[in-house]
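Engineer: Please work out how this folds:
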Amino acid sequence: MDDLLVDDLSAAARLAGVDLNALGLSDDVRVISKHYNKPQMRSMLVGANEEYAVWGRGTGKSEGLIAPKTFRNVEVMPRSHGCFVGATYLQLLERTLPPVIKGWEQMGMVRGRDFWIRERPPKKLGIKQPIVGPLTAEHCIFFKNGAVASMVSQDRPGSANGKTVHWIAGDEAKFLDKPKLDNELLMTNRGDERFFGGIPEFHSLLFCTDMPTSKSAMWILEEEKRMKQQWKDLGFDRIQFILSIRANIYALYEKLLVYPARRNAILTEIAELQQQWNKARINTVFFSEASTLDNIHGFGAKNIARLREKLPPFIFDTAILNRRPFLSENPFYPDLDDCHFYDLIDYGFVNSLNTDQFGKGLLDDSRKDLDVDKYRPLDVALDYGAKINTLVVGQPSGREYRMLKELYVRTPERVQDLARLFCRYYRHHPTRTVNYFYDHTAIGTSPISDVSAMEVFADYLGREGWNVEHQYIGHTPTPEHRYELWGRALRGGDAQIYRAMFNRENTEFLRISMQQAQIKQGSQRFEKDKSDEKNLSLDQRETTHFSDAVDTLLTGAHMLHKFGSSGDTFDSLFGR
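Structural biologist: As a prediction, the model looks like this:
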């Protein structure tokens, strides 16, 4: 009896209040009891060929969605070749695979017996080779029935080239480059109908994510329209039709437990409905949304309350409550989009680590950041405040200026604590020089201290062995100046201005700060709206503090590095 029917039998037994152990079932029947929440159960009951799940964090996407789905793909297609796709290979190793493997283990699989990670099964087991297997085992998971799953990442060029795959599963889909996904990986999901034709899982797609917040990631929300168009073409709700078949199967299993004398007739009815279910799932598109509240029994009400206090409201609303984000009507950075964010990870360093330790926070310093030029100084700029102090690190790279890392501390920690964070993260950086950009707000003292924030930060770095190059940019540039600078830097193609780029992994709050920053009309001219900085009920990480720090960084970088070949000065370009 296959695992799907075992799951049905177990569920039906619980519904009927029957003890399966008392029935004297044969040894080949495995009964596994495991808790799944409603979105996870709905996914398994539907079993669509294409599934797009936009679920909040903590809903169990990896353990209760990706794990069961890929488990079934492997089980029903022996010797098949599937793939896990991620924006980065580090994402797959650190965040996707550990909980997926945990989900497999909870379903009864054992590593070293049922599957092998980045190594082939022992030859003595006589396991058959995949139909279209990989040449090397380095980026693969092998299974005892001859199936294999490749790990494909978009930050490693060519990792999808030459492959033929039979299913694809992608986590954190909002970070995927959709054109690259369409033109490279999805083109490999083809062929081999002679082996698996007619199986609903054949050439299946699964993409899941929490709520996307950038325009380029909204593609996954558009899949809902494809699902509803499918209903319109058929004249009925295809998902509800599939669920009704499963409900009838459950009812028959309940009868099987209550009326064992009718076993053969009932099993025949179940088999017929099973065929209907399989046929209905072929080519079905299923889009679903769920919030963390849908997993409140597993995640815990206290944890949700804790996150409500800890997370910025924007992140809580989108990532936890799964609310679709509002778009700012008057953005201060209207040209900022996902095309300005990149992934550059040093996989030579990552691969040198023990893969069993991934997911445990080992990668907490700049050695993993391939975008860091180890042989040139680091540029830094800060924003100073009573509730939060923020810092952004950058470096020029050819015609680009890269925002490498964000750091922050919140009260009661202060500027010195922020300097300590910087020194710890960049403790392995061989060039011990920092270009410290600051404006007039950094050099003032207060009634309680005759030492400025600039002096505190620079003195701490000096004591830690850093050579601090002071780069005073003068009075804070006007809003018009900063707005124009960012417009030219984000649009690109300007011979005098760097194109601004951001490390996706390292600038989460900087991105939110810039996305939420808005323009308001001041008494004489337009200004950046900083009213949220005065609202102490808001988490200050998502207000304009980070955006102010990066304004100073980009302004200072153009003054120091003198980008462009025309000989024009930065001041002349912007009329300062």
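
Engineer: Now do the SS call for residue 146.
Structural biologist: coil (DSSP: H, G, I helix; E, B strand; the rest coil).

Engineer: doesn't residue 127 make contact with it?
Structural biologist: Yes - in terms of CB atoms under 8 Å, residue 146 counts as a neighbour of residue 127; the distance is 5.8 Å. For the C-beta atoms, the positions are set from N, CA and C on the backbone; glycine is no exception.

Engineer: Counting neighbours, what do you get for residue 504?
Structural biologist: 19 (other CB atoms under 10 Å).

Engineer: try residue 282
Structural biologist: With other CB under 10 Å as criterion, residue 282 counts 15.

Engineer: Could I get the contacting residues of it?
Structural biologist: Contact analysis of residue 282 by CB atoms under 8 Å, 6 or more residues apart in numbering lists 49, 198, 200.

Engineer: Count the neighbours of the spatially closest residue to the last one that is not a sequence neighbour for me.
Structural biologist: Leaving aside its sequence neighbours, residue 200 sits nearest to residue 281 (CB to CB, 6 or more residues apart in numbering; 3.9 Å). By other CB under 10 Å, 20 other residues sit near residue 281.

Engineer: Rounded mean pLDDT for stretch 66-85, please.
Structural biologist: Here stretch 66-85 scores 96 as its mean pLDDT.

Engineer: And the nearest residue in space to residue 525 that is not next to it in sequence, how close does it get to residue 270?
Structural biologist: Leaving aside its sequence neighbours, residue 525 sits nearest to residue 480 (CB to CB, 6+ apart; 6.6 Å). Computed as CB to CB, to the nearest Å, the residue 480 to residue 270 distance reads 71 Å.

Engineer: ok, so of the contacts of residue 282, who is nearest residue 239?
Structural biologist: Among the contacts of residue 282, residue 49 lies closest to residue 239 (CB to CB), at 12.3 Å.

Engineer: Apart from its chain neighbours, what residue comes closest to that closest one?
Structural biologist: residue 204 (5.0 Å).

Engineer: Torsion angles phi and psi at that neighbour?
Structural biologist: phi -80, psi 160 (degrees, to the nearest 10).

Engineer: next one: residue 443
Structural biologist: Taking degrees, to the nearest 10 as the convention, residue 443 sits at phi -100, psi 0.

Engineer: Test my guess that residue 93 contacts residue 350.
Structural biologist: Yes - using CB under 8 Å, residue 93 is in contact with residue 350, at 7.3 Å.

Engineer: For these two, indicate the residue with more neighbours.
Structural biologist: Taking neighbours as other CB under 10 Å, residue 93 and residue 350 compare with residue 93 leading, 25 against 20.

Engineer: Could you measure from that one over to residue 151?
Structural biologist: 8 Å.

Engineer: Equivalent analysis for residue 488, please.
Structural biologist: Counting by CB to CB - residue 488 and residue 151 are separated by 39 Å.

Engineer: same question, residue 285
Structural biologist: 25 Å.

Engineer: before we move on, what about residue 196?
Structural biologist: For residue 196, the distance to residue 151 - CB to CB - is 21 Å.

Engineer: what sits against the closest residue to residue 536 other than its chain neighbours?
Structural biologist: Once flanking residues are discounted, residue 536 sits nearest to residue 387: 6.8 Å by CB to CB, 6+ apart. Residue 387 sits next to 410, 411, 536, 540 when contact means CB under 8 Å, 6+ apart.

Engineer: got the contact list for residue 114?
Structural biologist: 104, 143, 144.

Engineer: Tell me the one among these nearest to residue 498.
Structural biologist: Using CB to CB, the contacts of residue 114 come closest to residue 498 at residue 104, 46.0 Å.

Engineer: what pLDDT does the closest one get?
Structural biologist: 95.

Engineer: Doesn't it belong to a strand?
Structural biologist: No - assigned with three-state DSSP, residue 104 falls outside any strand and is helix.

Engineer: From residue 238, how far off is it?
Structural biologist: 29 Å.

Engineer: which non-adjacent residue is nearest the most centrally placed residue in the chain?
Structural biologist: The residue lying closest to the centre of the chain (CA atoms, centre = their mean) is residue 172, at 3.4 Å. Leaving aside its chain neighbours, residue 172 sits nearest to residue 209 (5.6 Å; criterion: CB to CB, 6+ apart).

Engineer: Contact partners for the one you found?
Structural biologist: Here residue 209 is in contact with 53, 54, 55, 171, 172, 173, 174, 175, 217, 220 (CB under 8 Å, 6+ apart).

Engineer: The fifth one is in contact with residue 95, isn't it?
Structural biologist: Yes - under the criterion of CB under 8 Å, residue 172 makes contact with residue 95 at 7.2 Å.

Engineer: what residue ranges in this structure are flagged as low confidence?
Structural biologist: 1-33, 157-162, 312, 326-329, 354-362, 445-449, 523-524, 537, 563-576 (pLDDT under 70).
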